[in-house]
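1. Need coordinates for the following:
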Amino acid sequence: MLEHLHLEPVIPARVVIIGAGGFVGGAIRKKLTADGINTLPLTRRELNLLDDSAADTLGRILQPTDSVVMVSAVAPVKTAPMLMQNLKMAEVVCTVLAAKPITHLVYISSDAVYADDANPVTESSYCAPSTLHGMMHAARELMLRGATSAPAAMLRPTLIYGAADPHNGYGPNRFRRQAEKGEPIAIFGEGEERRDHIHVNDVAALAALMLIYRSRGALNAVTGISTSFRDIAQMIAAQFNHRVAVKSMPRAGPRPHLLHRFFDVTDCHKAFPDFRFTGLAEGLVSCLPKT
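-> As a prediction, this is how the structure comes out:
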């Protein structure tokens, strides 16, 4: 559940974005800049959290009036070494936050922190990650909350899509790239799994709202609408006048045990009643190359 410490929006003095060079961090930077909020974007060039000098560098940067958005990660986490890298990165931030006061912290986490059997998922659902990626985010949330006395907000997005996404994960991003190349859109089995997908600009907008209301607690960045991968593939094919086929591929293993995942968005509506999510059809159109 999210609690606002400002009843009316207040522009932060400065927002330091750790991981501003990434897909999500870049979208947050763009949104805050458009809203006239003073930002200090830290990319890997300015701050590499895996460097031995990272804590000293960040310590010199942070000021007591700063709000911090922590989004830097090596993701998705698939191996134990990647997990340890991410925890080391968080440890650096925690070391500095424990020594230097700040005004506010927003961490970009993931809905992977929740147990698989949480259906529908809410902000009060039990956190029991079943993947290394989810374990990484759950551990980082605990570390960051414990490191600072500043109010801390955890934003937990579901599957994120957008034109600039560097990953090629199964779903909208991969399907669009296949279609752009004139290749068939390949779905596993019948593509019957239903998942919620959120546009990266909506994640950025929710982070911005958390900052101006100085929120604390947790919020799921989800639309509340779960769509099958087959339907997503067909929506993308339609954007190309169905010149692109949707092709079923045999599964390499058994069908996922978590076939469908649904979210209850009640808490988001309570926290930000005027916020409206980008519809999937509209969001997919926005990802098309500009002509």
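2. Verify the stated contact: Val71 with Gly21.
-> No: counting by Cβ atoms under 8 Å, Val71 sits too far from Gly21 to count as a contact (9.9 Å). For every residue, glycine as well, the C-beta is placed using N, CA and C.
3. So between the two, which is more surrounded?
-> Looking at Val71 and Gly21 with other Cβ atoms under 10 Å, you find the greater number of neighbours at Val71, namely 24 against 17.
4. residues in contact with that one?
-> The contact partners of Val71, taken as Cβ atoms under 8 Å, 6 or more residues apart in numbering, are Ile17, Ile18, Gly19, Ala20, Gly22, Val24, Gly25, Ile28, Tyr107, Ile108.
5. which non-adjacent residue is nearest the last one?
-> What it means is Ile108. In space, and not counting its chain neighbours, Ile108 is closest to Val71: 4.2 Å by Cβ to Cβ, 6 or more residues apart in numbering.
6. cool, and Ala80?
-> When the adjacent residues along the chain are set aside, Ala80 lies closest to Leu132, with 7.0 Å between them (Cβ to Cβ, 6+ apart).
7. Thr122 too?
-> In space, Thr122 comes closest to Asp264 once its chain neighbours are excluded; the distance is 4.7 Å by Cβ to Cβ, 6+ apart.
8. Now for the one you found: which residues touch it?
-> If a contact means Cβ under 8 Å, 6+ apart, then Asp264 has Pro120, Val121, Thr122, Gly224 as its contacts.
9. List the beta-bridge partners for Glu3.
-> Beta-bridge partners recorded for Glu3 (DSSP bridges): Arg216.
10. Near it, how many other residues are there?
-> Taking other Cβ under 10 Å as the neighbour definition, Glu3 ends up with a count of 12.
11. quick one: it and Ser215 touch, right?
-> Yes: checked against Cβ under 8 Å, the pair Glu3 and Ser215 is within contact range at 6.6 Å.
12. give me phi/psi at Pro76?
-> Note on Pro76: backbone dihedrals following degrees, to the nearest 10 are phi -70, psi 150.
13. Distance from the chain centre to the longest helix seen in the chain, please.
-> Counting residues, the longest helix in the chain under DSSP state H turns out to be helix 80-99. Between the centre of helix 80-99 and the centre of its chain there are 18 Å (Cα atoms, centre = their mean, to the nearest Å).
14. same thing with stretch 179-188?
-> Going by Cα atoms, centre = their mean, the spacing between the C-alpha centre of stretch 179-188 and its chain's C-alpha centre is 25 Å.
15. Could you do stretch 91-104 as well?
-> On the basis of Cα atoms, centre = their mean, stretch 91-104 sits 21 Å off its chain's mean C-alpha point.
16. start at 387 instead
-> In the new numbering, first residue 387, that becomes stretch 477-490.
17. What residues of that stretch count as buried?
-> Judged by neighbour count using 16 or more other Cβ atoms under 10 Å, the buried positions of stretch 477-490 are Glu477, Val478, Val479, Cys480, Val482, Leu483, Lys486, Ile488, Thr489, His490.
18. Kind regards, and thank you for your time.
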